[in-house]
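**Q** I would like the atomic coordinates for the input below:
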Amino acid sequence: MGIIKGLRYPTILAGLLLLFLSLGLAFIALQGEIISKELSGDLSPGTHFLYDKQIVKIIDANLTLYSANANVSVSWEGKYYNFELKNNSRTITGLHDFPAITTDGMVTYKLAVVGYSYPYSWLSPIGFITMIAGSMLSLLGFVSYMQGEMEKVKKTKKEDTHGGEDVQGAAWRKGRL
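**A** Okay, here's the model as predicted:
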């Protein structure tokens with residue numbers, strides 16, 4: 001009976017609803033999907049890091065480089081390749097991370113990537129704030145509910161102790177025994 005009355009208390013109910021809403025938002029934010037993208041462009045001399053903001057984790061990637069005349073260094077996950085391109089292209093397969101490319105000449109690249117994307121990850125901060133608000137409301141509601149219940153118990157106890165007159169005048173009630 002006390003649990004049902006407590007759950008009907010508006011502050012506790014609102015807090016619990018916010019907590020369940022935040023849980024739902026967290027599950028939606030975790031929904032991932034596999035996407036395929038192709039990145040291409042030209043690299044000037046220097047160091048460049050190829051990446052895509054949508055892809056969080058790469059499953060597989062292939063990098064194709066072409067140049068008329070350039071020395072190229074490609075590194076990823078502790079692996080390092082250094083080669084010279086003279087009117088030819090080079091393809092590196094099996095990449096599992098976005099590569100860093102250092103070159104001394106103009107290089108054309110094409111990066112075909114398959115990886116995981118989390119399109120609803122922007123819901124995570126909203127779910128976090130909702131969780132904090134729900135926790136605070138539930139806690140404050142619980143404290144308020146318990147204070148109300150304590151007041152009811154004190155009032156009932158006071159009425160029982162200082163209740164009506166003892167019409168029969170029993171000695172044990174007047175402290176004469």
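
**Q** By residue count, what's the longest helix in this protein?
**A** Counting by DSSP state H, the longest helix found in the chain is helix 123-161.

**Q** mind listing what the closest residue to residue 141 other than its chain neighbours touches?
**A** Spatial nearest neighbour of residue 141, excluding adjacent residues (Cβ to Cβ, 6 or more residues apart in numbering): residue 11 at 3.0 Å. Bear in mind the C-beta positions are built from the backbone N, C-alpha and C, glycine included. Contact analysis of residue 11 by Cβ atoms under 8 Å, 6 or more residues apart in numbering lists 137, 138, 140, 141, 144, 145.

**Q** And residue 11, how close does it get to residue 138?
**A** 8 Å (Cβ to Cβ, to the nearest Å).

**Q** before we move on, back to that, for the helix or strand where the residue nearest to residue 141 lies, list every residue counted as buried.
**A** Per DSSP states H and E: residue 11 is located in helix 10-29. Neighbour-count burial for helix 10-29 flags 11, 12, 15, 16, 18, 19, 21, 22, 25, 26, 29 (criterion: 16 or more other Cβ atoms under 10 Å).

**Q** dump the residue contacts of the residue most central in space within the chain.
**A** Of all residues in the chain, the one closest to the mean position by Cα atoms, centre = their mean is residue 124, 4.1 Å from it. By Cβ under 8 Å, 6+ apart, the residues touching residue 124 are 25, 26, 29.

**Q** hmm, try it at 7 Å
**A** If you count contacts by Cβ atoms under 7 Å, 6 or more residues apart in numbering, residue 124 has them with residue 29.

**Q** Quick check: it vs residue 134, distance?
**A** 15 Å.

**Q** by contact count, what packs against the strand or helix carrying residue 36?
**A** Residue 36 is part of strand 33-43 when elements are defined by DSSP H and E. Contacts defined by 3 or more Cβ pairs under 7 Å, 6 or more residues apart in numbering; DSSP states H and E place strand 33-43 against strand 55-67, strand 107-117.

**Q** Brilliant, that's me finished.
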